[in-house]
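Peer 1: Requesting a structural model of the entry that follows:
(one chain, ligands or ions: 1)
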Amino acid sequence: MKKDTTKVKWDNAYRLGMTMWYPSECLIRFMAKNFKKQIGIKEYKTIRPAETILDLGCGNGANVLFFNRLGYRAYGVDISRVAVDLGNKLLAENGFKETLICIDMEHLSFENNYYDIVVSHAALDHILYSQYLKVIKNIKTMLKNGGFLFITLRSTEGFDYESKTATKVEPRTLITGDKKALNSPFENPYEKGIPQHFFTFEEIMESLSDFSIITIEKNVESSGPDSEFVDGRWFITAQLAK
Ligand SMILES: C[S@@+](CC[C@H](N)C(=O)[O-])C[C@H]1O[C@@H](n2cnc3c(N)ncnc32)[C@H](O)[C@@H]1O
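Peer 2: Numbering: from 1, shown residues only. Just a heads-up that it's a prediction; the model follows:
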């Protein structure tokens, strides 16, 4: 699978309107539970000290804006130039530094032991499993000892039904097909032709063996007369050894 083609597909997705302008709900919960919780009009309770956050696959920057507003030094990387340009404009318009970089996360080479927190929502499952393992290895070098990782990944629940229209490229990785052809309520026209890995519990535990798992949750949504349309996602909070 050629990376350039995937990059072009993500660029096109953003051009066609696949933008996200709200911070992701799961990241709001993650921050409020583990780092900083808003308890009044301008009052915040610090749960753990932290300064630096990196968002991998940051899209058009809504989460990085949210982290900036909470007072963190926040950065983001994304393979889509269109998303990164939009996100940097969003940050600048809100009075923050343009801290998003257009880069393939597989080739990250940021400063070692720099980040207190690394997050990635719905992005680490859009690469091949071998690439995911490489990114996890990079994250370990960029995170400070005791640093936190929060990631969300598709689970295997949707694999069988999506296989009906998709092309399998490796175990549990599909090049997403046309879910519309299945009349699926989970149709997402923007991600057609883009890789999607469906994670097992074992893959997650093995790949994060150098971390302590703080929480691992799975949300499975099903729809249709026989609940045949399924969308499952893992939400993982983990901490690197101190
Ligand atoms: C489903 S979107 C999620 C965006 C954002 N995290 C959010 O929650 O709104 C997946 C994002 O991952 C980015 N992405 C996919 N493969 C990537 C790679 N190899 N390196 C960096 N970003 C990548 C895409 O461009 C896209 O913005």
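Peer 1: What pLDDT does the model give residue 177?
Peer 2: pLDDT, residue 177: 86.
Peer 1: scratch that, residue 3
Peer 2: 65.
Peer 1: cool, residue 89 as well?
Peer 2: In the predicted model, residue 89 carries a pLDDT score of 98.
Peer 1: Now do the SS call for it.
Peer 2: helix (DSSP: H, G, I helix; E, B strand; the rest coil).
Peer 1: what number of residues lie near it?
Peer 2: When counting by other C-beta atoms under 10 Å, one arrives at 14 neighbours for residue 89. For every residue, glycine as well, the C-beta is placed using N, CA and C.
Peer 1: how far away is it from residue 96?
Peer 2: Distance of residue 89 to residue 96, computed by C-beta to C-beta, to the nearest Å: 11 Å.
Peer 1: Residue 242 too?
Peer 2: For residue 242, the distance to residue 96 - C-beta to C-beta - is 30 Å.
Peer 1: what about the two, which has more around it?
Peer 2: residue 96 (18 against 8).
Peer 1: shaky segments in this structure?
Peer 2: 1-3 (pLDDT under 70).
Peer 1: for the residue most central in space within it, what are its contacts?
Peer 2: Nearest to the geometric centre of the chain sits residue 121, at 2.2 Å (C-alpha atoms, centre = their mean). For residue 121, the contact set (C-beta atoms under 8 Å, 6 or more residues apart in numbering) comprises 24, 26-27, 55, 57, 63, 151-152.
Peer 1: how close does it get to residue 236?
Peer 2: When residue 121 is compared with residue 236 (using C-beta to C-beta), they lie 11 Å apart.
Peer 1: residues shared between the contacts of the two?
Peer 2: By C-beta under 8 Å, 6+ apart, the residues touching both residue 121 and residue 236 are 151-152.
Peer 1: If residue 153 is in a bridge, with which residues?
Peer 2: residue 234 (DSSP bridges).
Peer 1: That one: how many residues sit nearby?
Peer 2: Other residues near residue 153 come to 24 when the count uses other C-beta under 10 Å.
Peer 1: Repeat that for residue 108.
Peer 2: 17.
Peer 1: Contacts only, for it.
Peer 2: 56, 77, 135, 138, 142.
Peer 1: Tell me the one of those nearest residue 200?
Peer 2: When these are ranked by distance to residue 200 (C-beta to C-beta), residue 135 comes first, at 17.7 Å.
Peer 1: For that closest one, which non-adjacent residue is spatially closest?
Peer 2: residue 105 (5.4 Å; C-beta to C-beta, 6 or more residues apart in numbering).
Peer 1: separation between that neighbour and residue 24?
Peer 2: For residue 105 relative to residue 24 (C-beta to C-beta), the value is 17 Å.
Peer 1: With neighbour numbers in mind, choose between the two.
Peer 2: residue 105 (22 against 18).
Peer 1: State whether the more buried one and residue 58 are indeed in contact, as I suppose.
Peer 2: No: using C-beta atoms under 8 Å, residue 105 makes no contact with residue 58, being 9.7 Å away.
Peer 1: who touches both of these two?
Peer 2: What both residue 105 and residue 58 touch, as defined by C-beta under 8 Å, 6+ apart, is the set residue 77.
Peer 1: Would you map the helices across the protein?
Peer 2: For the chain, applying DSSP state H gives helices covering 3-15, 25-34, 62-69, 81-93, 129-142, 159-163, 201-207.
Peer 1: so which of the contacts of residue 108 are also by the ligand?
Peer 2: Among the contacts of residue 108, proximity to the ligand is found for residue 77 (C-beta under 6 Å from any ligand atom).
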